[in-house]
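A.B. asks: Sharing a model that was predicted from the sequence below.
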Amino acid sequence: MSQTPAGQDAGTREERALAALAQQTIELPSWAFGNSGTRFKVFGQAGVPRDPFEKIADAAQVHRFTGVAPRVSLHIPWDKVDDFDALSAHARDLGVSIGGINSNLFQDDEYMLGSLTHPDAAVRKKAVAHHLECIDVMGATGSHDLKIWLPDGLNYPGQDSIRARQDRLADSLQQIYAALTAADPDHRLILEYKFFEPYFYTMDVPDWGTSLLHCLALGDRAMVVLDTGHHAPNTNIEFIVAQLLRVGRLGAFDFNSRFYADDDLMVGAADPFQLFRIMHEIVQSGALAPDSGVNFMLDQCHNIEPKIPGQIRSVMNVQEATAKALLVDPDALLVAQQSGDVLGANGLLMDAYATDVRPLLARLREQQGLDPDPLGAYARSGYADTIVAGRVGGAQAGWGA
Ligand code: LRH
Ligand code: MN
Ligand code: MN
């Protein structure tokens, strides 16, 4: 066992890391299991789910082989079913549960000029009513989080009043929040931001500051969602993480990775070092604890890679970044930081990042009675052949469905 100068014993740190990793959970998006693509082409894959029941069955496979993905987020109306009680019972039977409920404000013709911010009160009313429906789905499925991504925005200066749209948004959100907390005071409204797309002059919730201001006005059950693909290039995302954790308003992540825009690629694929830096802030703030209120969700689309292995790989990438962050020696880091040891402090992070944590994660899986190689175990299970043989005419993830 190695010993760092002022810090914990490395062996002890590994044991603590294992204990923390055993508690970590990652939520999967139902839409990752359907066909998806770019606006140029959707490549259909054999065996993809034909309905929400089959999406949950596939998500349960990710949990079966990783042991850390016990919840599935739904997107309404993509995952609308006649009987949500039956859907959640189906999830339970497969060893998973329903996570966040995502509303959808980007597919109706009436929303061309906005939804919760639309100048016409009748359109805003329709958008608010959709959330009341989502709140009912939460009741039926046992979900705690209503997740809102607002696709509203403007393409041209002068097109509408930026300020009036904020006022309308505040009013619409207030109505939704009141209904949500009346249904259950513990339920949360989590508000996602995105700096561009589908509008390009301005979005109505373009950044974490705007999201936070609305959350602060709503109340303490309103939190910010940070989608890692929703920032301008080179944005220091871990700074935002630290800032939101400081004020107790980081509700959830939508993890994915990007090279250019909102690419929705597998998390940790484009920039594993960024993911490590984010997880370092999480670990330092104690936000990895299951009761911290931070929900670690994936929001990805597997356009060319197989869906279930794509999700397994993503879960493993989050686990690897987390494990590395847990190996940073907090005591030695504090000493280095307080004594102005710039290189020493940075070196502690880089040493942790350079550690091969795959053996540690293999140990974790063995402790949990799992195969140490989730991707290999899934491939050997024969599940992929079963769904290819059994399902014909799979559904699209969302757009164009
Ligand atoms: C928007 C977004 C949001 C949606 C999802 C499908 O870009 O990140 O979270 O709900 O994609
Ligand atoms: Mn998202
Ligand atoms: Mn997105």
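C.D. replies: That came through fine. Residues are numbered from 1 along each chain as shown. Ligands and ions are numbered 1, 2, ... in the order given.
A.B. asks: What parts of the stretch 1-150 of the chain come near ligand 1?
C.D. replies: Trp31, Asn102, Trp149 (CB under 6 Å from any ligand atom). (Glycine included, C-beta is placed from N, CA and C.)
A.B. asks: Within its local environment, how many residues does the first one see?
C.D. replies: Pointing back at Trp31 there. Neighbour count of Trp31, defined by other CB atoms under 10 Å: 26.
A.B. asks: if we can go back for a sec, from the residues of the stretch 1-150 of the chain next to ligand 1, which is closest to ligand 1?
C.D. replies: Trp149 (3.7 Å; CB to the nearest ligand atom).
A.B. asks: For that closest one, what are phi and psi?
C.D. replies: Reported as degrees, to the nearest 10, the phi and psi values for Trp149 are phi -110, psi 120.
A.B. asks: who are the neighbours in contact with the residue of the stretch 301-401 of the chain at minimum distance from ligand 2?
C.D. replies: Of the stretch 301-401 of the chain, the residue with the smallest distance to ligand 2, taken as CB to the ion, is Cys301 at 10.4 Å. If you count contacts by CB atoms under 8 Å, 6 or more residues apart in numbering, Cys301 has them with Trp31, Ala32, Ser36, Gly37, Asp264, Ala397.
A.B. asks: my guess is Gln367 contacts Leu18, does it?
C.D. replies: Yes: with contact defined as CB atoms under 8 Å, Gln367 and Leu18 form a contacting pair (7.2 Å).
A.B. asks: which one among the residues of the stretch 1-150 of the chain next to ligand 1 gets closest to ligand 2?
C.D. replies: Proximity of those to ligand 2 (CB to the ion) peaks at Trp149, which lies at 5.8 Å.
A.B. asks: neighbours of Gly390, just the number please.
C.D. replies: Around Gly390 there are 10 residues (other CB under 10 Å).
A.B. asks: How about Val205?
C.D. replies: Around Val205 there are 28 residues (other CB under 10 Å).
A.B. asks: where do the helices sit along the stretch 51-200 of the chain?
C.D. replies: For the stretch 51-200 of the chain, applying DSSP state H, counting those that start in this stretch gives helices covering 52-66, 84-93, 121-141, 162-183.
A.B. asks: Which one, of these, ends up nearest to Ser257?
C.D. replies: Nearest to Ser257 among those is helix 52-66; the distance by CB to CB comes to 17.8 Å.
A.B. asks: For Pro5, report the pLDDT, please.
C.D. replies: Pro5 carries a pLDDT value of 42.
A.B. asks: Quick check: residues of the stretch 151-300 of the chain near ligand 1?
C.D. replies: Glu192, Lys194, Asp227, Asp254, Asp262, Asp299.
A.B. asks: tell me which strands and helices the helix or strand containing the fourth one is in contact with?
C.D. replies: Going back to what we said before, that points to Asp254. Taking DSSP states H and E as the definition, Asp254 sits inside strand 250-255. Contacts defined by 3 or more CB pairs under 8 Å, 6 or more residues apart in numbering; DSSP states H and E place strand 250-255 against strand 145-149, strand 188-192, strand 222-227, strand 295-298.
A.B. asks: Save the ones you listed as JSON lines, and put in mean pLDDT and mean neighbour count too.
C.D. replies: Shown next, in JSON lines, are the helices and strands packed on strand 250-255 (pLDDT from 0 to 100; neighbours: other CB atoms under 10 Å):
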{"stretch": "strand 145-149", "mean pLDDT": "98", "mean neighbour count": "25"}
{"stretch": "strand 188-192", "mean pLDDT": "99", "mean neighbour count": "25"}
{"stretch": "strand 222-227", "mean pLDDT": "99", "mean neighbour count": "25"}
{"stretch": "strand 295-298", "mean pLDDT": "98", "mean neighbour count": "25"}
